[in-house]
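Enquirer: Using only what follows, build the 3D model:
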Amino acid sequence: MGSSSKNIEQAQECCYLEWMSLQSQRIPELKQLLAQRRSHGDEDNDNKLRELTGKIIGDFKNYAAKRADLAHRCSSNYYAPTWNSPLENALIWMGGCRPSSFFRLVYALCGSQTEIRVTQFLRNIDGYESS
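Expert: Numbering: from 1, shown residues only. I've put the predicted structure just below:
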């Protein structure tokens, strides 16, 4: 079990490092296109900027999908990745990304559904039609 969680942790770290590598490749290109846009403002540059932005968003979607897949196997690293520095983890928590926030959201969503279903159930018992 210990080696399995270690493998998942390594896969999560690899996923993160791969995404950071993609970002480090895209950021200089993005800066260059933004500088060109400021100086020239041509439409061709805007199209390149849109295309690059789409690629960056696609990279993030792929990273999020991979991370979500890995979180199904080991969720503890999802909240405080071991490869983050203590400062990065603190900023994640200060930014509001806490496990308790997720639990409260799930509880609130499930609680609201439960309340609706109980109300519908009681209406059916009392002879009222559910609307």
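
Enquirer: which residues of the chain score low on pLDDT?
Expert: Low-confidence regions of the chain, defined by pLDDT under 70, span residues 1-5, 41-43, 75-84, 95-115, 125-131.

Enquirer: care to break it down by domain?
Expert: The record, using the TED database to delimit domains, assigns the chain the ranges 1-97, 98-130.

Enquirer: Identify the residue spatially nearest to Glu18, adjacent ones excluded.
Expert: Closest residue to Glu18 in three dimensions, ignoring its sequence neighbours and counting by Cβ to Cβ, 6 or more residues apart in numbering: Tyr63, at 7.7 Å. (Each C-beta comes from the backbone N, C-alpha and C, glycine too.)

Enquirer: Point me to the helix or strand that includes that neighbour.
Expert: Following DSSP states H and E, the helix or strand that holds Tyr63 is helix 43-73.

Enquirer: surely the residue nearest to Glu18 meets Gln12?
Expert: No: counting by Cβ atoms under 8 Å, Gln12 is not a contact partner of Tyr63; they are 10.8 Å apart.

Enquirer: who has more neighbours, those two?
Expert: Relative neighbour count places Gln12 above the other of Tyr63 and Gln12, with 21 against 17, counting by other Cβ atoms under 10 Å.
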